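> need coordinates for the below:
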Amino acid sequence: MEVVNEIARILRLRDMGGIIAIDFIDMHEKVNNKSLVEALRAAMKDDRAKHNVAPPSKFGVVELTRQRVRPETDIKTAETCPSCNGSGEVQASILLIDEIENNLRYLIESGKHKDFELHVHPFVESYLKKGLKSLSRQWWLKYKKKITVRGITKFQFLEYQFVNSSNEKIQL
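Below is the predicted model of the structure:
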């Protein structure tokens, strides 16, 4: 009985919808099952969403159906492709920098490659190198390693690769 109010609060707080199965363990007596369902219905009474509380099954599982109140948050991170002027979509450019830094951290921490360069599109190169607080400077301070960033004009906007001192592509 103590958990019934908390279940109702969490369902409203997280705006959970669909069929929710709640397993109340060791609920063998019918009187207890009935009072449990009544308490759950009373706790859900203030809920704005449409809901229905079914009595426990023979296994002691209470099924509760609940409709979501708020619209689903669909966050779209794709951007219009700069190469084809909008006939396609590409990964968001802000995610590219995170991906590059994750791979950079992996290369440094693995210790397999002592010297390497980062080859990117010239626009990305200028973004990584601009200003006193540039990302390449931040990486140098963070990893205690100079990261050479080179702009390659034949690269697509979101294309990048790490190359070793022999100018061979490093497979990640």
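> and T65, helix, strand or coil?
What DSSP: H, G, I helix; E, B strand; the rest coil gives for T65 is strand.
> ok, it - contacts?
G18, I19, I20, H51, N52, A54 (Cβ atoms under 8 Å, 6 or more residues apart in numbering). C-beta: built from backbone N, CA, C; applies to glycine.
> and which of the residues you listed is nearest to W140?
G18 (49.4 Å; Cβ to Cβ).
> tell me which residues in whichever strand or helix holds N103 are buried?
Per DSSP states H and E: N103 is located in helix 93-110. Residues L96, I97, I100, E101, N103, L104, L107, I108 are the ones in helix 93-110 that count as buried (16 or more other Cβ atoms under 10 Å).
> how about stretch 58-73?
Buried-residue list, stretch 58-73, by 16+ other Cβ under 10 Å: G60, V62, L64, R66.
> and that stretch, how far out from the chain's middle?
24 Å (Cα atoms, centre = their mean, to the nearest Å).
> how about stretch 120-133?
How far stretch 120-133 lies from its chain's middle: 26 Å, per Cα atoms, centre = their mean.
> any chance of the buried residues of helix 93-110 in TSV, plus distance to V4?
Conversion of these to TSV gives the following (distance: Cβ to Cβ, whole Å):
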residue	distance to V4
L96	48
I97	47
I100	49
E101	47
N103	49
L104	50
L107	53
I108	52
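> export those to CSV and tack on pLDDT?
Shown next, in CSV, are the buried residues of helix 93-110 (pLDDT from 0 to 100):
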residue, pLDDT
L96, 85
I97, 86
I100, 90
E101, 90
N103, 90
L104, 89
L107, 89
I108, 87
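> what's the most distant pair in those residues?
Across the buried residues of helix 93-110, the longest distance by Cβ to Cβ is 18.7 Å; it joins L96 and I108.
> need the helices for this structure, in chain order.
2-13, 30-43, 93-110, 122-129, 135-143 (DSSP state H).
> domains of this protein?
Using automatic domain parsing, the domain ranges for the chain come out as 2-66, 91-164.
> dump those into CSV; add distance to Q171 as well.
Formatted as CSV, those follow (distance: least, Cβ to Cβ, whole Å):
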stretch, distance to Q171
domain 2-66, 42
domain 91-164, 9
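> output the below-cut-off pLDDT ranges for the chain.
Applying pLDDT under 70 to the chain picks out residues 71-94.
> tell me how far the residue in it sticking out farthest from the centre lies from I20.
No residue in the chain sits farther from the centre than V31, which is 44.4 Å out by Cα atoms, centre = their mean. The spacing between V31 and I20, counted by Cβ to Cβ, to the nearest Å, is 24 Å.
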